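Peer 1: Pasting the sequence and the predicted coordinates here, then a few questions.
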Amino acid sequence: MPLIDIRDLSVSIPTPDGDVHAVRSVSLEIERGEIHGVIGESGCGKTMTGMAVLGLVPKGARITAERFHFDGEDLREKAQSLRGRHIGLISQDPAAALNPVLSIARQMDDVIRAHRDLPRKARRAEAASLLAATGLPDPERVLKSYPHQLSGGMQQRVVIAQALATGADFLIADEPTTALDVSVGAQVLALLRRLVAERGLTVLMITHDMDVIAEACDRATVLYAGRSVETGPVEAVLNRPGHPYTRALLAALPDAAPHGARLAAIEGSIPPPRSAIAGCAFAPRCPQAMPVCAAEPPPERVRGTHRWLCHLPEDAA
Amino acid sequence: MSATPMLDIDNLVIRYRAGLFAPRLKPAVNGASFRLVRGETLGIVGESGSGKTSLLRAVLRLLPVESGAIRLDGEDWLALKGDALRRARQKIGVVSQNPFLSLSPRLTIAEIVAEPMLAQGERQGPAMREKIAGLLADCGLPADFLDRRARELSGGQAQRVAIARALSLEPGLMILDEPTSALDVSVQAQILNLLADLKESRGLSMLFVTHNLKVVAHISDTLLVMRRGDVVEFGRTEEVIRAPAEAYTRELLSFGRR
C-alpha cells in the first residue's frame, strides 16, 4: 500500500464570480522511502495539492476525491490530526517560517515540547542532536543564535530539524531551495536525500525546477491546469516524456537549445481557473493536437510504471 | 561596429564602510576588470554576497567606488556630475527581477512607459503615445495595453512592459538584473527570445545578471563569474562552459539534468 494514495482529487474554492478550480483531477501515489517530485508552472495546483494533504485549504474550499489516503487513513477526516504528528512542512522561505525575535533554542524547544514529554535538559540535548543531524556544524552555537544571525541555508536546516522534531515521517517540501543559492540548494537537497536514506522518511517535493527533480527525486508527477498529466520514474519523465506538455516544458529550458538559438517557448496561456475543460487541458497549446483532444478526456497511456494522459498513441511519444 | 567598448571597467574596487572605528571590511568587489563589446551580451553569475549587485549599482552610479575606472561609451563615467550625469544616464536602461514591484499599480501602462521620457523633458501628446504604442509592439504587446494597469497583467506581460519602459529613452546599454528569475520556464523562454530579438534589431549591449548559470550560458556572448568579490572567471561563454577553470563554475554547471 502506498503511503500517499490520492485518486482524482479536486479542490474548488467558491467565489462570487464562480468556483475557482485550483485542483481539478490529481492522482498521486507515493511509496514509503521515496522522494516524489510534483512539478508544474504557476497556477497548476501543485501547492494547493500539498495544502490539501496538510488540511490547510482555504476556508469554504470543497475537496472531492475517489481516494485521499495517508497510510490508509482518510485525509478528509484526519488531516488536522496527522499534520505535525506524521506530516511536516518545509516551506520556501525559511526566514518567514522562523520567528525573528525568538532564539533557535526556544523555537526548537516549542516544537519538541508540543510533541514529546521530556525534561528540559533532555529537550535541549534532543534539539542539539536534531540540528547536528541536519548537518549544522556547531549546534550549541546555532541554538543560541537568532534567525538573522544564520544564513539562508542554515535557516532551512533549522526548519528541517523542526520538522524532524515532530517525529513526522512524511515531509512536504514546497520549493525548499527556490530562495537559496544554487550551491546551497544542492546541499539542502543532498541533506533531504540523506535523511530519507537514514530515517526512512518520505518526501513530497513541490517544485517548478526540472533540475531539482533531476537532482533529488525518485519519481515525478507533472501537473498542468490542476490535473496530473504524467507520472513515472524521474529518468523516464525527463528523458522519454510521454505527455506533449512535459516535452514542451523541457524544450523551453535554456540548455535545451544550442547557444544563442531561439528557445521553444510554449505559445498561449493556461486555461483560466474558473473555466470548465471538456477534453485535454493542453489541447489549445499542443502542437500535435487533433480534433478529439478538445472534445474528450484523454485516455491513460502506460509504459511500465510510467503513465500519462494523451490521445496520441503510445508510440507517438 | 565602433572599436570603443560599450562598457570598460578597470580594476574596480567597492568597499562598504563598517563604521567609524570598525576595522575595514573586505571589499565587496575586489579589483574587477572586464569589458563589454558593443552589441554583445555580458552575463554575470554569482551567488548572494558575490558582489554582482554592488557591481551593478556602481555602474548605475548608485554607489561610490573606492578606486578603479568605469568608461561608458568611451566616456569617463565616474567623472560625471549633476546635470551631465542625469543626461548621460539615458544611455542605460534597467530591468529588474520583479515587474510587479518595479511597475506602479496605480498608473496605466501608457503612464508607466511615459515616465522616463517626461523626466527627461519630452512633451506629452499624441506623438509620445504613438511612440509608446510602438515600444509595446516591439515588446510583443498589442496597443490595447496602453490603458490597462500593471495588476491586470501576467508576470510575463508585466516584464514586457518593464522592458518597453527601459527602452523608452533608446539606451545603448541594458542592465538586466535577474529578469526571468520570477517567471515560469515557458514564459522565461519567451522573454529570453524577446531580449535576443531586441539585441539584434536595436544593436543593444546587455549586462545580464543572474544566479542561473544555464540561462546566462545560453544568452550571453561573454561570461563573468564572481565569488566573494572576486572575478573568478571571465571569457567567451562557449569557452567558459566547455572548460571552466574554477571548481565553483563546474559545480554550478553540473547541478540538475545531465
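Peer 2: In hand now; what should we look at? Numbering: from 1, shown residues only, chains lettered A, B, ... in the order given.
Peer 1: can you pull out the strands in the chain?
Peer 2: Using chain A here. Using DSSP state E, the strands of chain A run over A:4-13, A:20-30, A:35-39, A:62-64, A:67-70, A:73-74, A:87-90, A:170-174, A:202-207, A:219-224, A:227-233, A:300-303, A:306-309.
Peer 1: Actually, chain B is the one I wanted.
Peer 2: Using DSSP E, the strands of chain B run over B:7-14, B:29-36, B:41-45, B:67-72, B:75-76, B:92-95, B:173-177, B:205-210, B:222-227, B:230-236.
Peer 1: Present these as a markdown table; the columns should include mean neighbour count and mean pLDDT.
Peer 2: Where C-beta positions appear, they are placed from N, C-alpha and C, glycine not excepted. Converted to a markdown table, the strands of chain B look like this (neighbours: other C-beta atoms under 10 Å in any protein chain shown; pLDDT from 0 to 100):
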| stretch | mean neighbour count | mean pLDDT |
| --- | --- | --- |
| strand B:7-14 | 19 | 96 |
| strand B:29-36 | 19 | 95 |
| strand B:41-45 | 26 | 95 |
| strand B:67-72 | 18 | 96 |
| strand B:75-76 | 12 | 94 |
| strand B:92-95 | 23 | 96 |
| strand B:173-177 | 23 | 96 |
| strand B:205-210 | 24 | 95 |
| strand B:222-227 | 23 | 94 |
| strand B:230-236 | 17 | 94 |
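Peer 1: Go through the strands of chain A and name the closest to chain B.
Peer 2: Across the strands of chain A, chain B has its closest neighbour in strand A:35-39 (9.7 Å, C-beta to the nearest C-beta).
Peer 1: Mind giving me the packing neighbours of the closest one?
Peer 2: Under the contact definition 3 or more C-beta pairs under 8 Å, 6 or more residues apart in numbering or on different chains; DSSP states H and E, strand A:35-39 sits against strand A:20-30, helix A:46-54, helix A:182-199, strand A:202-207, helix A:210-216, strand A:219-224.
Peer 1: Make JSON lines from the strands of chain A and add mean neighbour count to it.
Peer 2: Shown next, in JSON lines, are the strands of chain A (neighbours: other C-beta atoms under 10 Å in any protein chain shown):
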{"stretch": "strand A:4-13", "mean neighbour count": "20"}
{"stretch": "strand A:20-30", "mean neighbour count": "22"}
{"stretch": "strand A:35-39", "mean neighbour count": "26"}
{"stretch": "strand A:62-64", "mean neighbour count": "13"}
{"stretch": "strand A:67-70", "mean neighbour count": "19"}
{"stretch": "strand A:73-74", "mean neighbour count": "13"}
{"stretch": "strand A:87-90", "mean neighbour count": "24"}
{"stretch": "strand A:170-174", "mean neighbour count": "24"}
{"stretch": "strand A:202-207", "mean neighbour count": "25"}
{"stretch": "strand A:219-224", "mean neighbour count": "26"}
{"stretch": "strand A:227-233", "mean neighbour count": "24"}
{"stretch": "strand A:300-303", "mean neighbour count": "14"}
{"stretch": "strand A:306-309", "mean neighbour count": "22"}
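Peer 1: Mind putting those strands into TSV with mean pLDDT?
Peer 2: Supplementary listing: these in TSV, determined by pLDDT from 0 to 100:
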stretch	mean pLDDT
strand A:4-13	97
strand A:20-30	97
strand A:35-39	98
strand A:62-64	96
strand A:67-70	97
strand A:73-74	94
strand A:87-90	94
strand A:170-174	96
strand A:202-207	97
strand A:219-224	98
strand A:227-233	98
strand A:300-303	96
strand A:306-309	97
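Peer 1: For the residue of the stretch 151-300 of chain A found nearest chain B, give me the pLDDT.
Peer 2: For the stretch 151-300 of chain A, the residue closest to chain B is residue A:211, as judged by C-beta to the nearest C-beta, at 2.4 Å. pLDDT, residue A:211: 92.
Peer 1: nearest residue to it other than its sequence neighbours?
Peer 2: Closest residue to residue A:211 apart from its sequence neighbours, by C-beta to C-beta, 6 or more residues apart in numbering or on different chains: residue B:256 at 2.4 Å.
Peer 1: Then residue B:94?
Peer 2: Closest residue to residue B:94 apart from its sequence neighbours, by C-beta to C-beta, 6+ apart: residue B:175 at 4.9 Å.
Peer 1: likewise residue B:133?
Peer 2: Per C-beta to C-beta, 6+ apart, closest to residue B:133 is residue B:143, 4.6 Å.
Peer 1: list the contacts for the one you found?
Peer 2: B:133, B:136, B:137 (C-beta atoms under 8 Å, 6 or more residues apart in numbering or on different chains).
Peer 1: rerun at 10 Å
Peer 2: Going by C-beta atoms under 10 Å, 6 or more residues apart in numbering or on different chains, residue B:143 touches B:110, B:129, B:130, B:132, B:133, B:134, B:136, B:137.
Peer 1: how deep is the fifth one tucked in, by neighbour count?
Peer 2: Yep, that's residue B:133 we're talking about. Counted with other C-beta atoms under 10 Å in any protein chain shown, the neighbours of residue B:133 add up to 19.
Peer 1: if I read this right, it contacts residue B:145, doesn't it?
Peer 2: Yes: contact criterion C-beta atoms under 10 Å: residue B:133 and residue B:145 qualify, at 8.8 Å.
Peer 1: Give the residues shared as contacts by these two.
Peer 2: Joint contacts of residue B:133 and residue B:145 (C-beta under 10 Å, 6+ apart) are B:110, B:113, B:164.
Peer 1: Residue ranges in chain A under the pLDDT threshold?
Peer 2: A:317 (pLDDT under 70).
Peer 1: Which strand residues bridge the spatially most central residue of it?
Peer 2: Ranked by distance to the mean C-alpha position of chain A (C-alpha atoms, centre = their mean), the top residue is residue A:206 at 2.2 Å. With DSSP bridges as the criterion, residue A:206 is bridged to residue A:38, residue A:174.
Peer 1: separation between the residue of the stretch 151-300 of chain A closest to chain B and residue A:90?
Peer 2: The gap separating residue A:211 from residue A:90 is 18 Å, by C-beta to C-beta, to the nearest Å.
Peer 1: Also residue A:202?
Peer 2: Note on residue A:202: its distance to residue A:90, by C-beta to C-beta, is 13 Å.
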